[in-house]
Structure formats: C-alpha cells, structure tokens
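> Everything below, folded, please.
(one chain, ligands or ions: 1)
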Amino acid sequence: MHHPDICIAGAGIIGLSLALELHHRGHRVTVLDQGDPLAEASTAAAGMLAAQDPDNPPQLRPLADLSLSLYPAFLDRLYNFSAIRVPFQTHTTLQSLHPKHNSPNELTPADLTAEDLSHLLPALTPTGHRFILLDEHSLDPRQLAAALLAAVHSTTIDLRPNTSLLSTRSTSNSIEIITATGTVHSSRFVDCTGAWATTTSRLSHLQIAPRKGQMVAVALPPSLPLHFVVRTPDIYIVPRTTGPAAGRAIIGATIEDSGFDKSIHPDDIHHLRALAAALLPPIANTPQLEAWSGLRPATPDGLPLLGALPGDPNHLIATGHYRNGILLAPATALVMAQLLSNETPSVDLTSFSPGRAVPQTA
Ligand SMILES: Cc1cc2nc3c(=O)[nH]c(=O)nc-3n(C[C@H](O)[C@H](O)[C@H](O)COP(=O)(O)OP(=O)(O)OC[C@H]3O[C@@H](n4cnc5c(N)ncnc54)[C@H](O)[C@@H]3O)c2cc1C
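Predicted structure coming up:
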C-alpha cells in the first residue's frame, strides 16, 4: 500500500502549490480533494497580486513581499512542468485611497493630479477619489489553474479527486487520514481545505469562515482599451489583456457572510456594475459575459493560519488566505515546505500561528 510522506487535503492553489514544492524537495505527496481540483475559490479569484492594497493587514506584508519575489520562479517552474506559460495580464494598478488610508505605508507614492488622470484614463470619473499608481501585477487564475494542474499531473504526486476528508487521528509519529473511500496513513498531514477548514481540522478557538464574493465579467468596449487594474475600497475592475479572455474585464466583488451558499443574485451583480460604471461610464452598457461566485477562507483577524495545530506536530494547516490566496501561494508553499523539512521559514510566521490569540471581533 502507498504511504505518502505528506498527505494534503484540498487541491486549491494552496494545496497544489505546496504539493509541487514538496515534490521538488523529494517528498512523496498525496493530495485529496472532495471534488475536482481547483474548482473553488482559486478559480473564482480576480488574480490581482495586491501586496500593496492599503486594506491588507500590515502583518501580511513580509509574506506578500516574499511571494511576489517568488512569483517569476513559480511561473517558470509551472512552465517547465506543463509547457503552459502564464503571462501577467497587467503591470500597474490605479488605486483609490479612502480617507482612512492617510499613510498606508511609508512608500506610498504621491496622489495623481487631475491632469495625470485624464492622460492615463480619459474615461475615468474620479469624483471623490484620491488616486495613486501602484507597481502591481495581475494574472488570470484560470490560466494559472490550467498550468498548475498540468504541472501536478506531470509529476508523481498522487492527486485524488472526489475523495472527501472526513477526519484525522494522530499517533505519536504518524497520522491517519480517514476519507469517504478509505484511510490514508501518512507521516504528516496538511489541511489546505480553504473555507472548509473548520469542518476538517480541530480548531478550538480559530474559526475559518467562508466569505462569499460574487463577480461579473463584461466585454470591454473598443473605446476603453484598459491595460491596468482600477481599484477602490468598494470595487475593482481587472482587465484581461492577453490569452483566451483578452478584451474582457472582471468586476468584483461582493463580500458576504452567507455560509457555503454560492448563489448569484442579479441585484448584487447590477450593483457591482453600477459601482464600476460610476468610475468608468463607458462600461455601463457593455455586454455581460459571465457571473460567478467563490468562497474566500476568512479568519477573525484577516491573517492566514500557517503551521502545526497546537499540541499536534504532525497535523499542519495552511489556509485563511482570504482575499490574497493567489498572491500568497508561492510563499505559503515555500514556508510550509520549510516547516515540513525542519528548516527555518524565510519569514517569521508568529503572526500566522494556528495557536495565536485572536480578538473576538476583527
Ligand atoms: C471573488 C473572489 C475574488 C478573489 N480575488 C483574489 C485576487 O484578486 N487575488 C488573490 O490573491 N486572491 C483572490 N481571492 C482569494 C483567493 O481566491 C483565495 O484566497 C484562494 O483561492 C484560497 O485558496 P485555497 O487553496 O485555500 O482554497 P480553495 O481554492 O477554495 O481550495 C480548497 C479546496 O479544498 C477542498 N476541500 C474542502 N473540503 C474538503 C474535504 N473535506 N476533503 C477534501 N477536500 C476538501 C475544496 O474542494 C477545494 O478544492 C479571491 C477570492 C474570491 C472568492
């Protein structure tokens, strides 16, 4: 019988990026998913690598910066395994600052003048917004998913779709992973089940909650060749500039606490479109191409959980990436692989400890 060194539950971007990193380090890896791989939050995302979003918790920055630095090598590795090149779709973000964002960090560039904005994006209606330009990339998570899945398939990673994790049982030096179709015995286990992690790991005080985001894709009108992301605290407009989705823009996203419900509501989609059109009027009446939703894995303090469960060194968790799981995947894979290899992680993980004290409200 096949006994992996490490068993991962959850074949989203976090679980599969970690599997690839562990495979690279010579570990035998099994990945279980209750459904199809990469069919949940990781392909619902907009794909912004928004390390500088002023709404991010400041403690996220070192992990986010590490991830950005790893992204080119991560994409190269996917290309080497899959022969699929995932391009960046945009290289700049026009970010509106909320009054509360007086000094989000010391590197904040100066506000753009009305003249700058009219050169940059003549269609923009900047009423009531202060804008800055961020040096920030985005990619298409569907392209990323195709490359990641092909990469995993090209290795000896044992990927098992339709294999639902039910529970785990730790012994002194291994862990039993009980699934709907049998038991897997492994040296270590990593829970990467995203928004579902509270149901799969025994987390006494740190709850992961699904936080729904509805999204809509529209065709960009020829009069609006958009080559960068436009983002305010309420709305973002993310153009696809290359690949099969080129010429569309993703408008998102709602933030809702409605359990595991993923239904799409025309009123909410209409509201997203109205917010986008208030900023970019030519987008008001363009054809709607698609609407979807996904469940972000949210924690009470907005920070991920990375490490071993308290008192259970063989049971680790890597989830709670909330709005930044695409951004944080390469760094998460690296630091979790470092922990599993008994190395010192490249960034201090104290803020992300699964045993940390968390305020009751965030
Ligand atoms: C609308 C929206 C927009 C977003 N935009 C961005 C963005 O622009 N940039 C960014 O960085 N991030 C963005 N995110 C966040 C990002 O998508 C998530 O943080 C990230 O996808 C989380 O990845 P994951 O692998 O943890 O979760 P998921 O992709 O949800 O994967 C979890 C997997 O676990 C499996 N699973 C669950 N329970 C079990 C079980 N019992 N047994 C076996 N398998 C199980 C599920 O089937 C699923 O495949 C966005 C998210 C949403 C919803």
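
> What residues of the helix or strand of the chain with the lowest mean pLDDT count as buried?
The weakest-scoring helix or strand in the chain, judged by mean pLDDT, DSSP states H and E, is helix 197-200 (a mean of 86). Of the residues in helix 197-200, those buried under the neighbour-count criterion (16 or more other Cβ atoms under 10 Å) are 197, 198, 200. In this view, the C-beta of every residue, glycine as well, is placed from N, C-alpha and C.

> for the ligand, what are the nearby residues on the stretch 201-350 of the chain?
Counting by Cβ under 6 Å from any ligand atom, the residues of the stretch 201-350 of the chain lying close to the ligand are 213, 215, 252-253, 294, 296-297, 319, 321-327.

> Point out where the stretch 51-200 of the chain drops to low pLDDT.
Counting by pLDDT under 70, the stretch 51-200 of the chain has low-confidence residues at 99-108.

> Flag every residue of it that's near the ligand.
By Cβ under 6 Å from any ligand atom, the residues of the stretch 51-200 of the chain that approach the ligand are 164, 165, 192, 193, 194, 195, 196, 200.

> Can you go through those residues and name the buried ones?
The neighbour-count criterion (16+ other Cβ under 10 Å) marks 164, 165, 192, 193, 194, 195, 196, 200 among those as buried.

> contacting residues around the residue in the stretch 251-362 of the chain that the ligand sits nearest to?
Nearest residue of the stretch 251-362 of the chain to the ligand: residue 325, at 2.2 Å (Cβ to the nearest ligand atom). For residue 325, the set of contacting residues under the criterion of Cβ atoms under 8 Å, 6 or more residues apart in numbering consists of 12, 13, 14, 41, 42, 45, 194, 296, 297.

> helix or strand for it, which one?
If you go by DSSP states H and E, residue 325 is part of helix 325-340.

> so for that helix, what's the average pLDDT?
Within the predicted structure, the mean pLDDT of helix 325-340 is 98.

> May I see the buried residues of it?
For helix 325-340, burial by neighbour count (16+ other Cβ under 10 Å) applies to 325-340.

> residue ranges for the strands of the stretch 1-150 of the chain, please.
6-9, 29-32, 88-90, 93-97, 130-134, 138-139 (DSSP state E, counting those that start in this stretch).

> Show me how far the shortest one is from its chain's centre.
So that's strand 138-139. For strand 138-139, the distance from its own C-alpha centre to the chain's C-alpha centre is 11 Å (Cα atoms, centre = their mean, to the nearest Å).

> which helices and strands sit right next to it?
On a contact count with 3 or more Cβ pairs under 8 Å, 6 or more residues apart in numbering; DSSP states H and E, strand 138-139 meets strand 88-90.

> ok, the strand it packs on: who's next to it in the sheet?
Applying DSSP bridges to the sheet, strand 88-90 is found paired with strand 138-139 (antiparallel).

> got the contact list for stretch 329-349?
When contacts are defined by Cβ under 8 Å, 6+ apart, stretch 329-349 is touched by residues 6, 13-14, 17-18, 20-22, 25, 27, 62-64, 66-67, 70-71, 73-74, 188, 190, 304, 306-308, 316, 318, 321.

> Compute the first-to-last residue distance for it.
Using Cα to Cα, to the nearest Å, the end-to-end distance of stretch 329-349 comes out at 15 Å.

> Go ahead and confirm residue 327 touches residue 52.
No: the pair residue 327 and residue 52 fails to qualify as a contact (Cβ atoms under 8 Å) at a distance of 10.4 Å.

> Please identify which of the residues of the stretch 51-200 of the chain next to the ligand is nearest to residue 264.
Comparing those against residue 264 with Cβ to Cβ places residue 195 closest, at 17.1 Å.

> Show me which residues of stretch 71-83 are buried.
When burial is assessed from 16+ other Cβ under 10 Å, stretch 71-83 yields the following buried residues: 71, 74, 75, 77, 78, 81, 82.

> Show residues contacting that stretch.
17, 20, 24, 49, 84-86, 137, 144, 146-148, 150-152, 154-155, 329-330, 333.

> Centre of the chain to that stretch, how far?
For stretch 71-83, the distance to the chain centre is 18 Å (Cα atoms, centre = their mean).

> mind checking the backbone torsions on the closest residue to the ligand within the stretch 51-200 of the chain?
For the stretch 51-200 of the chain, the nearest residue to the ligand under the criterion Cβ to the nearest ligand atom is residue 194, separated by 2.7 Å. Backbone torsions for residue 194, taken as degrees, to the nearest 10, come to phi 60, psi -130.

> next one: residue 225
Comment: the main-chain dihedrals of residue 225 come out as phi -80, psi 100, following degrees, to the nearest 10.

> which residues sit in contact with it?
Contacts were defined as Cβ under 8 Å, 6+ apart; by that measure residue 225 touches no other residue.

> now do residue 183
176, 177.

> Using the three-state scheme, assign it.
Here residue 183 takes the strand state, with states given by DSSP: H, G, I helix; E, B strand; the rest coil.

> and it, what are its bridge partners?
Taking DSSP bridges, one obtains residue 178 as the residues bridged to residue 183.

> what do you get for residue 248?
Those that pair with residue 248 in a beta bridge, by DSSP bridges, are residue 219.
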